[in-house]
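Visitor: Give me a model of this one.
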Amino acid sequence: MTREGGRAGGPAPRSVDVARLAGVSQKTVSRVLNGERYVSDEVRRRVLEAAGELGYRLNSAARALASGRTRSIGVVTLGTALYGPASLLIGVERAARDAGYALRVVNTLEGDPGGVVGAVESLLEQGVDGIVVSEPIDEGAVSLSVDVPVLVLGAPAAFGGTRTVATGVGAEPLARTATEHLLDLGHRTVHHVAGPERWFAARDRLEGWRSALTARGAEQPAVLVGDWSAASGHEAGRALAADGDVTAVFAANDDMAIGVIRALTEAGRRVPDDVSVVGFDDIPVAAYVTPPLTTVRQPFDAVAREGLRLLVRAIERPDADLPPVNDPPVELVVRASTAPPRLRAPSRLRAPSRG
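Guide: The predicted model follows:
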């Protein structure tokens, strides 16, 4: 059986294969095969010869380019149900729909650096006008350059496009605000339950916590590391509960903060009377746990909308200067899990009797 555009017994060639053989970019391949102008005769000849040699035929998505743009935007995102990445994806979908663009989403897997390259190539095959990259994990450098505009959300750019814009990069100011809130209440220092080290967000929140303590001359306690889950927060909370000097905790997300509170409560440490706890994200359940959780609200919709505004501007006005990024304000949501520290002796915690 022969696949469309391929040869019997083998995979169908892609535009990236034609581009490599011809020594040009994928966008140039699309321009040639769609009969667009502004392509030299020599380049056109090389592309057509490469396409003929490989048996490549333009797919239906690419044919749409003949009449202009596809009005579609590709998204490369980590396949996860975690609140932050999932909320960003929802925000991107809403903003793209409002702007009149369809989304084509390709999920990647943690620990697969080549997955980003494969995802981008797949989207370029579909003729997208721009690409959104929402990859929250550091998978190392990616050897890739694309010739459509690229929007990077919440992380350093792993590769570049004809124009690269970034929004939502850096949770450091938000983490600093959370830590400063606890210091302003009178706590001498703040303990931190961090996220996984390979996550950019975890690094930013750790740095924000450190910078706030450094600015106030406060001691920096040892960092406990979780995996974003309430279970990992509970484990960290058990260790914190055993230390009678702990009066304030900043957890890198709300799920871990909820786990910390559960462990403290089980150990007889009252929140916020004995220990204040701040989370990060403001997940929907944060207002309904006991006590309601003080947290930093992530403006996912605002970040996505601002990013899409810039990306669409880069797509539709490729020669115009991009406007400055409008960073959303930091929003600390103060609830009942934080309070000034109470004077007490560290010895109030007693070891359990041995019978």
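
Visitor: Point out where the stretch 251-355 of the chain drops to low pLDDT.
Guide: Filtered on pLDDT under 70, the stretch 251-355 of the chain yields the residue ranges 344-355.

Visitor: what are the ranges of the helices in the stretch 101-250 of the chain?
Guide: Shown for the stretch 101-250 of the chain, the helices assigned by DSSP state H, counting those that start in this stretch span residues 113-125, 172-184, 200-216, 230-241.

Visitor: Next, count neighbours for the nearest residue to residue 240 once chain neighbours are set aside.
Guide: The spatial neighbour of residue 240 that comes closest, neighbours along the chain excluded (CB to CB, 6 or more residues apart in numbering), is residue 246 at 4.9 Å. Bear in mind the C-beta positions are built from the backbone N, C-alpha and C, glycine included. Neighbourhood size, residue 246 [other CB atoms under 10 Å]: 22.

Visitor: and if you look at the one 4 residues further on?
Guide: The number of residues packed near residue 250 is 30, by other CB under 10 Å.

Visitor: what do you get for residue 53?
Guide: With other CB under 10 Å as criterion, residue 53 counts 13.

Visitor: I'd like the numbering to begin with 734 instead of 1 from here.
Guide: In the new count, where the first residue is 734, that last one comes out as residue 786.

Visitor: Report the secondary structure state of it.
Guide: Following DSSP: H, G, I helix; E, B strand; the rest coil, residue 786 is assigned to helix.

Visitor: all helices for the stretch 984-1088 of the chain, in order.
Guide: So, for the stretch 984-1088 of the chain - with DSSP H, counting those that start in this stretch - the helices run 987-999, 1033-1049.

Visitor: among the ones you listed, which is nearest residue 788?
Guide: helix 1033-1049 (31.4 Å; CB to CB).

Visitor: avg pLDDT for stretch 818-825?
Guide: In this model, stretch 818-825 has a mean pLDDT of 91.

Visitor: got any ranges where the stretch 834-983 of the chain has weak pLDDT?
Guide: Short version for the stretch 834-983 of the chain, where the test is pLDDT under 70: 844, 846, 874, 890-894, 902-903.

Visitor: just to revisit the earlier point, same list, the helices of the stretch 834-983 of the chain, but as CSV with distance to residue 876 and mean neighbour count please.
Guide: As requested, the helices of the stretch 834-983 of the chain are arranged in CSV below (distance: least, CB to CB, whole Å; neighbours: other CB atoms under 10 Å):
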stretch, distance to residue 876, mean neighbour count
helix 846-858, 8, 19
helix 905-917, 28, 21
helix 933-949, 20, 20
helix 963-974, 34, 21
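
Visitor: Just send the ones you listed back as a markdown table, with distance to residue 895 too.
Guide: Shown next, in a markdown table, are those (distance: least, CB to CB, whole Å):
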| stretch | distance to residue 895 |
| --- | --- |
| helix 846-858 | 12 |
| helix 905-917 | 29 |
| helix 933-949 | 24 |
| helix 963-974 | 41 |
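
Visitor: Out of those helices, flag the one nearest residue 1058.
Guide: Distance to residue 1058, taken as CB to CB, is lowest for helix 905-917 among the helices of the stretch 834-983 of the chain, at 13.9 Å.

Visitor: same for the closest one, what does it pack against?
Guide: Packing partners of helix 905-917 (3 or more CB pairs under 8 Å, 6 or more residues apart in numbering; DSSP states H and E): helix 933-949, strand 981-984, strand 1009-1014, strand 1027-1030, strand 1064-1066.

Visitor: Please enumerate residues in contact with the fourth one?
Guide: Strand 1027-1030 is contacted from outside by 907-908, 910-911, 914, 987, 990, 1009-1015, 1019, 1063-1071, using CB atoms under 8 Å, 6 or more residues apart in numbering.

Visitor: hmm, 7 Å instead?
Guide: With CB atoms under 7 Å, 6 or more residues apart in numbering as the test, strand 1027-1030 has contacts from 907, 910-911, 987, 1011-1015, 1019, 1064-1068, 1070-1071.
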